[in-house]
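**Q** The following block contains a protein sequence and its predicted model.
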Amino acid sequence: MPTLQIFTNVPKSSLPDGFVGKCSDIWMELIGKPKKFILVHVLPDQMMSFAGTQEPCAFVNCISIGKIGKEENKCYTEKITELLGSIGVAKDRMYVSFSDVARQDVGYDGTTFAFWSPSK
């Protein structure tokens, strides 16, 4: 359930072809979980302001069961900042938020990850 949500005021028309796929590949590499579980949600064209201006900005949610912590988050932030820099968002015009959720708090495949088994 590693989820990467990117909210940005950058117009959809300014995103390069394949941007969502690139985000997915980067998130999968960073979080180290199988692609079948990776969820990426990019929301361009958002009405957003950062530091009182509407210059390109972003808010990023990184959600996972595990693999969230002090050192990991620093690495994730560096790579996500680089990724968003490629679409014109300056590193001081975004926040990256992290949530480490419990297995019982995520539903998947008709159950929760606390009860889910790949062999079912």
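**A** Received, thanks. Numbering: from 1, shown residues only.

**Q** Measure how buried residue 57 is and give me the count.
**A** Using other Cβ atoms under 10 Å, the number of residues around residue 57 comes to 23. The way it works is simple: take the backbone N, C-alpha and C, and place the C-beta from them, glycine included.

**Q** List phi and psi for it.
**A** Dihedral pair for residue 57: phi -150, psi 170, per degrees, to the nearest 10.

**Q** again, but for residue 3
**A** The phi/psi pair for residue 3 (degrees, to the nearest 10) reads phi -120, psi 130.

**Q** Could you tell me how many residues sit around it?
**A** Look at residue 3: counted by other Cβ under 10 Å, it has 18 neighbours.

**Q** And it, how close does it get to residue 28?
**A** Remark: distance between residue 3 and residue 28 (Cβ to Cβ, to the nearest Å) = 12 Å.

**Q** Repeat that for residue 46.
**A** Taken as Cβ to Cβ, the span from residue 46 to residue 28 is 24 Å.

**Q** So for those two, which residue has more residues nearby?
**A** Taking other Cβ under 10 Å, residue 46 and residue 28 do not tie; residue 28 has more neighbours (18 against 13).

**Q** Can you check my assumption that the more buried one lies in a helix?
**A** Yes. The assignment for residue 28 by DSSP: H, G, I helix; E, B strand; the rest coil puts it in a helix.

**Q** Okay, now the unreliable bits of the protein?
**A** For the chain, residues meeting the criterion pLDDT under 70 lie at 120.

**Q** repeat that for 90
**A** Scanning the chain for pLDDT under 90 picks out 118-120.

**Q** where do the helices sit along it?
**A** All helices of the chain, identified by DSSP state H, fall at 19-31, 70-85.
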